[in-house]
Structures are given as structure tokens and as C-alpha cells.
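Peer 1: I'd like to go over a predicted model; first the sequence, then the structure.
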Amino acid sequence: MKKHNDQPINDVLKGMMKKGPLSTGYYDSKVRKIWADKLGKLIINHTSSIYFAKGTIYLKISSAPLRQELFMGRAELVDRFNEELGEKLVKQIILQ
């Protein structure tokens, strides 16, 4: 008898994303999209770069008061990103 290896395409793609080199770029673009969609226009205008790698989000903020405000709420931001991503991928946020 033949064995069938039936799996939903969603599960197959998730497995590929966790193991393959595509996951880095995929999650980087997903983090950028969440940042753009969920935060206000003021914060987006003062964000000069955003980069996600190895569980860390690197943010370059041009406004010192805004940077300080985000620094104080880093734990909440980490929770919000993980909630939006559906996984606990973000471990920390570094503000520059």
C-alpha cells in the first residue's frame, strides 16, 4: 500500500519558513508592515530605519523624546509584535 502524505499547504509553508533561508526576509518584511500599520503616522515619520534579525528589532528613531517614550514601552511593543506575528519571535527591541 502507498502511504499518503497529505498536509494542508499552510502547514507545509510554515515548516519551510521555519527551516529555510526565506524566513529572515519574510519576518523582516512582516515586522515592517506591522510597524507601519499599527503605529501612528507621527511615529512612522520619525522612524528612519527598521530591521529584524535573530529575534531583535532594531529601530532608528530621529526624535529623542519619541525614542525615550518607546524605550519605556519596549516590553509592551515586544508583546504586541509577537501577538501580531502569532509566534514568540521577537525577544527584544533596540532603539538607536
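Peer 2: Yep, it's here.
Peer 1: any idea which element residue 93 lies in?
Peer 2: Using DSSP states H and E, residue 93 maps to strand 92-95.
Peer 1: what about that strand, distance to the chain center?
Peer 2: Between the centre of strand 92-95 and the centre of its chain there are 11 Å (CA atoms, centre = their mean, to the nearest Å).
Peer 1: which other helices and strands contact it?
Peer 2: Helices and strands touching strand 92-95, by 3 or more CB pairs under 8 Å, 6 or more residues apart in numbering; DSSP states H and E, are strand 56-61, helix 64-72, helix 74-85. Any C-beta I mention is one placed from the backbone N, CA and C, and that applies to glycine too.
Peer 1: buried ones in it?
Peer 2: residue 93 (16 or more other CB atoms under 10 Å).
Peer 1: outside of it, which residues touch it?
Peer 2: Strand 92-95 has contacts (CB atoms under 8 Å, 6 or more residues apart in numbering) with 55-59, 61, 67, 70-71, 74, 77-78.
Peer 1: Put the buried members of the residues you listed into a ChimeraX selection.
Peer 2: Per 16+ other CB under 10 Å, the buried members of the contacts of strand 92-95 correspond to this ChimeraX selection:
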select :57,59,61,67,70,77,78
